[in-house]
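In: Could you look at this predicted model? Sequence included:
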Amino acid sequence: MSIKVAVPKETAEGERRVAIESSVIAKLVKLGAEVLVETGAGSAAHIPDSAFSGATIVPTANDLYQQADIVLKVQPPSDAEIAQLKEGSVLIGMLQPYQNPERIAALKAKNITAYAMELIPRISRAQAMDVLSSQAAIAGYKAAIMGADLAPRFFPMLTTAAGTIRPSKVIIIGVGVAGLQAIATARRLGAVVEAYDVRSATKEQVQSLGAKFIELGITAEGAGGYARELTAEEKQQQQEALAKHIATADVLITTAAVPGRPSPKIIPESTVDGMKSGAVIIDLAAEGGGNCTLTQPGKTIVHNGVTIHAPLNVPSQVPVHASEMYAKNLLNFLTPMLKGGEYAPDFSDEVIAGALLTHEGKIMNDTIRQLVEGA
Ligand code: NAD
């Protein structure tokens, strides 16, 4: 009997993505799997059941979970979904283990083999499975569009019979995957773009996209290509130096993050007070609390004429392509585990071992085990 890979409709509030896409179904079937999709799973992403050809459409989540050997999800499962998972089945998704330790304990208790896509090591071989990158690129693109939408002026320079319009200035803080895509999108819309990051390697990337790199003389390279947290003195220096640049921005997009830490507070109220009336801040770091001290995650506020927009789950606002890219990341992760139609993972593979959260009634990731069990 072939292995059953099942995709439920996401139930988290506001989640519009789905963990499958038609070309992925065809490839899974070719690998010997049978694909089950809950009816309406793609509806919030404008993907009708009829687009899932090659899959069996299942009428209810309960039916689906009862048959599933491997469940593909976007968001972590709710308590009700964990209750429906078959004992000993496999779950793959963005499981957010740090935010949901009690759910990890429940997955362990149910003997689920759970893989968290966001824990896949960021090595070259795993780039095609990297959900942090695929979803951050979408968020960066959308942030630039949101900035253009909320700004009371044009992005491009326009020469018209009614006069010449100067282009907007967009400043981007944090030039990881999201920041780079925000630069590219703001440039395509015709804005003049400046960007800053504490990792000096980003200077060349910023310039290659036609933007100017803001030099502050503060660098903070951390382990594994990430940034480290700045010292209190460096933070002060950074805020003061950045404030002068930010005062000239029409749109400020902030994406700065340090793994495992709350978002660094880079934009204090005094910096916002120095901004032009009508300026816009898009705080993409809102999920981790925000890069601006005035940010209210999930809300849009106006402070002294400056709009501070702090959207959550931005990739879900581009659900067609976010689902497509996410489903392809899942396929690339799953492919080496499906051999001759059988689920046969090689747990010695660093990519599989890196993503493995729970297996055979144990929490396999040391950091998460300490968080959940204190040992
Ligand atoms: P991220 O989301 O962790 O952080 C976003 C950016 O914020 C980073 O560029 C970081 O340097 C910056 N930042 C942190 N603190 C800051 C501060 N105080 N001021 C200004 N900027 C600050 O980053 P990410 O997009 O996940 O990328 C992180 C790294 O991972 C990069 O080196 C990227 O090239 C690398 N990466 C590797 C792979 C791979 O090989 N598979 C894939 C994607 C990204």
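Out: That came through fine.
In: For the ligand, what is the nearest residue in the stretch 151-300 of the chain?
Out: Checking the stretch 151-300 of the chain residue by residue against the ligand with C-beta to the nearest ligand atom singles out Gly176 as nearest, at 2.2 Å. All C-beta atoms are positioned from the backbone trio N, CA, C, and that covers glycine.
In: what residues are up against that residue?
Out: Taking C-beta atoms under 8 Å, 6 or more residues apart in numbering as the contact definition, Gly176 lies against Ala136, Asp197, Thr255, Ala257.
In: cutoff 7 Å now
Out: For Gly176, the contacting residues are Ala136, Thr255, taking C-beta atoms under 7 Å, 6 or more residues apart in numbering as the criterion.
In: ditto for Ile25
Out: Residues near Ile25 by C-beta under 7 Å, 6+ apart: Val35, Phe52, Gly54, Ala55.
In: how far away is the third one from the ligand?
Out: Meaning Gly54. Spatial separation of Gly54 from the ligand under the definition C-beta to the nearest ligand atom, to the nearest Å is 30 Å.
In: try the last one
Out: Ala55 sits 29 Å away from the ligand, taking C-beta to the nearest ligand atom as the criterion.
In: Phi, psi for the residue lying closest to that residue once chain neighbours are set aside please.
Out: Distances taken as C-beta to C-beta, 6 or more residues apart in numbering put Val35 closest to Ala55, at 4.1 Å, once the chain neighbours are dropped. Backbone torsions for Val35, taken as degrees, to the nearest 10, come to phi -110, psi 130.
In: Please name the bridge partners of Val35.
Out: Val5 (DSSP bridges).
In: follow-up on the earlier one: in strands only, show me the contacts of Ile25.
Out: Val35 (DSSP state E).
In: Around the ligand, which positions in the chain sit nearby?
Out: By C-beta under 6 Å from any ligand atom, the part of the chain that sits against the ligand consists of 122, 124, 126-127, 130, 132-133, 136, 173-179, 196-199, 225-227, 230, 255-259, 264, 266.
In: just the buried members of those?
Out: For the residues of the chain next to the ligand, a neighbour count by 16 or more other C-beta atoms under 10 Å gives the buried set as 126, 130, 132-133, 136, 173-179, 196-199, 227, 230, 255-258, 264, 266.
In: And the helices in this structure, which stretches?
Out: Taking DSSP state H as the criterion, the chain carries its helices at 22-30, 61-67, 79-84, 101-109, 131-150, 177-188, 202-208, 232-246, 269-273, 319-334, 350-355, 366-373.
In: and of those helices, who's closest to Pro311?
Out: With C-beta to C-beta as the criterion, Pro311 lies closest to helix 131-150 of the helices of the chain, at 7.0 Å.
In: okay, the angle between the closest one and helix 177-188?
Out: Counting by axes from the mean of the first three to the mean of the last three C-alpha atoms, to 10 degrees, helix 131-150 lies at 40 degrees to helix 177-188.
In: which helices and strands sit right next to helix 131-150?
Out: Applying 3 or more C-beta pairs under 7 Å, 6 or more residues apart in numbering; DSSP states H and E, one finds that helix 131-150 makes contact with helix 177-188, strand 251-254, strand 280-283, strand 306-309, helix 319-334.
In: could you dump those to a markdown table with mean pLDDT?
Out: Compiled in a markdown table, these are given as follows (pLDDT from 0 to 100):
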| stretch | mean pLDDT |
| --- | --- |
| helix 177-188 | 98 |
| strand 251-254 | 98 |
| strand 280-283 | 98 |
| strand 306-309 | 98 |
| helix 319-334 | 98 |
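In: So which of these is nearest Glu81?
Out: Distances from Glu81 to each of the helices and strands packed on helix 131-150 were compared using C-beta to C-beta; the minimum, 17.1 Å, belongs to helix 319-334.
In: contacting residues around stretch 152-168?
Out: Among residues not part of stretch 152-168, those counted as contacts by C-beta under 7 Å, 6+ apart are Ala148, Ala151, Ala186, Leu189, Gly190, Ala191, Val192, Asp250, Val251, Gly278.
In: and if you look at stretch 273-286?
Out: So stretch 273-286 is in contact with 139, 143, 146-147, 150-152, 178, 243, 246-247, 249-257, 263, 290-292, 295, 297-298, 304-312, 314, going by C-beta under 7 Å, 6+ apart.
In: got it, and stretch 119-128?
Out: With C-beta under 7 Å, 6+ apart as the test, stretch 119-128 has contacts from Met129, Asp130, Asn332, Phe333, Glu350, Val351, Gly354, Ala355, Asn365.
In: what two of those are the furthest from one another?
Out: Of all pairs drawn from the contacts of stretch 119-128, the greatest distance, 20.8 Å, lies between Asn332 and Asn365 (C-beta to C-beta).
In: if we can go back for a sec, list the contacts for the residue nearest to Ala55?
Out: Counting by C-beta under 7 Å, 6+ apart, Val35 makes contact with Val5, Ile25, Leu28, Val29, Gly54, Ala55.
In: change it to 6 Å
Out: By C-beta atoms under 6 Å, 6 or more residues apart in numbering, the contact set of Val35 is Val5, Ile25, Leu28, Ala55.
In: same check, this time on Leu312
Out: Contacts of Leu312 by C-beta under 6 Å, 6+ apart are Ala286, Glu287, Gly298.
In: Just the buried ones from the contacts of stretch 273-286, in PyMOL syntax?
Out: Selecting the buried subset of the contacts of stretch 273-286 in PyMOL, with 16+ other C-beta under 10 Å as the burial test, is done by:
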select buried, resi 139+143+146+147+150+151+178+243+246+249+250+251+252+253+254+255+256+257+263+290+291+292+295+306+307+308+309+310+311+314
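In: one step back: filter the contacts of stretch 119-128 down to just the buried residues.
Out: Met129, Asp130, Asn332, Phe333, Val351, Gly354, Ala355, Asn365.
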